[in-house]
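turn this into a model:
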Amino acid sequence: MFSDLISLADLSSDDLLSLLALADELKAMQKAGKPHRFLEGQTLAMIFEKPSLRTRLTFETGIFQLGGQGIFYKSKLGERESISDVARNLERWVDGIMARTFSHRAVLELAEFASVPVINALTDKLHPCQVLADAQALREHKGDFANLKLAFVGDGNNVCASWFNFAARIPLNVTLVCPEGYALDDDAAAFAQREAKGEVTITHDIEAGLQDADAVYTDVWTSMGQEDEQAERAAAFAPYQVNSKLMALAKKDAVFMHCLPAHRGEEVTDDVVDGPQSIVFDEAENRLHAQKAVMVALMKRT
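Purely as a prediction, here's the structure:
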């Protein structure tokens with residue numbers, strides 16, 4: 001069993017499926033009004049280097065619903081004191097740590113030096129909690145992952161990397177459809193292609209990439225920390241905007257997915273994000289349930 005959640009690649013297929021099953025169970029319990037205070041009296045330190053709507057509110061709400069309390073801490077890790085010292089302080093006070101950071105190395109260091117579970121709530125490299133919530137929503141709408149194809153249209157970013165990690169463990173076909181020069185980093189792509197349970201591909205051909213897609217996923221073209229590249233990226237990604245014409249290249253019953261926030265009129269048009277194929281708010285809702293599953297799996301005392 002895993003002791004931290006840093007990357008989905010660190011988990012086994014059984015681990016991932018168990019987390020998703022637990023997320024479904026916790027969602028059903030909440031909908032039925034059944035108490036599920038599995039983390040009674042526990043505390044979660046919530047470290048934020050980046051702005052947040054979904055991550056902060058879902059973790060803070062989630063730990064409260066589980067009977068614990070979240071402690072918000074805004075800080076740039078490694079500036080005021082070493083990350084190792086932060087970790088060794090926090091482990092004396094709290095039962096778990098989640099961190100939303102720029103540097104992936106910062107989360108790795110927290111996990112290395114803290115004796116309590118550490119949850120990666122986003123780094124520039126990976127976003128595992130988002131993809132767990134997305135996978136829960138995709139399964140709710142499409143059933144078993146086997147034989148499904150997800151086309152990720154846009155930048156080979158942290159969300160895309162976590163989808164590739166997911167496909168390395170679960171039989172889901174994932175295709176990155178992107179402009180040249182914006183693919184996933186070589187190591188992440190090679191790992192997924194080597195370990196893939198389904199088909200994992202990268203293409204610059206929009207029509208080929210969208211063919212037979214059951215889900216079309218996109219994300220912002222310019223992530224936090226890349227603002228100086230905005231004009232260059234806007235020009236490169238313009239042909240990859242997810243609009244009604246692009247959606248028509250996928251299956252007729254394909255769902256549209258986005259991790260949010262959406263830059264409407266850039267990577268996606270209003271008629272798609274607000275249209276009948278969109279499940280973006282189901283994904284956002286499931287951030288609560290998937291992350292509660294992660295906290296219970298890591299922090300529940302036997």
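
going forward, measure contacts and count neighbours with C-alpha atoms only.
Noted.

residue 98 falls within a strand, correct?
Yes - Residue 98 forms part of a strand when assessed by DSSP: H, G, I helix; E, B strand; the rest coil.

would you mind measuring from it to residue 135?
20 Å (CA to CA, to the nearest Å).

of those two, which one has the most company?
Applying other CA atoms under 10 Å to residue 98 and residue 135 shows that residue 98 carries more neighbours, namely 27 against 20.

from what I see, the more buried one and residue 116 are in contact.
No - using CA atoms under 8 Å as the test, residue 98 is too far from residue 116 to be in contact (10.5 Å).

now do the SS call for residue 119.
Three-state assignment for residue 119 (three-state DSSP): strand.

from residue 79, how far out is it?
Remark: distance between residue 119 and residue 79 (CA to CA) = 21 Å.

give me the more crowded residue out of those two.
Each of residue 119 and residue 79 has its neighbours counted (other CA under 10 Å); residue 119 has more, 27 against 8.

mind listing what that one touches?
The contact partners of residue 119, taken as CA atoms under 8 Å, 6 or more residues apart in numbering, are 4, 5, 6, 96, 97, 98, 99.

ok, the fifth one - how many residues close by?
A total of 27 residues lie near residue 97 under the criterion other CA under 10 Å.

enumerate every residue touching it.
By CA under 8 Å, 6+ apart, the contact set of residue 97 is 44, 45, 46, 47, 90, 116, 117, 118, 119.

repeat for the fourth one
If a contact means CA under 8 Å, 6+ apart, then residue 96 has 43, 44, 45, 116, 117, 118, 119, 299 as its contacts.

ok, which stretches of the stretch 1-150 of the chain are strands?
Along the stretch 1-150 of the chain, the segments classed as strands by DSSP state E, counting those that start in this stretch run 43-48, 69-74, 96-100, 118-122, 149-153.

which strands and helices lie in contact with the second one?
It stands for strand 69-74. Packed against strand 69-74, as judged by 3 or more CA pairs under 8 Å, 6 or more residues apart in numbering; DSSP states H and E, are the following elements: strand 43-48, helix 54-65.

could you identify which of the ones you listed is most buried?
strand 43-48 (a mean of 22; mean count of other CA atoms under 10 Å).

just checking: what are the partner strands of it?
With DSSP bridges as the test, strand 43-48 is paired with strand 69-74 (parallel), strand 96-100 (parallel).

can I get those strands in a markdown table with mean pLDDT and distance to residue 241?
Shown next, in a markdown table, are these (pLDDT from 0 to 100; distance: least, CA to CA, whole Å):
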| stretch | mean pLDDT | distance to residue 241 |
| --- | --- | --- |
| strand 69-74 | 98 | 34 |
| strand 96-100 | 98 | 27 |
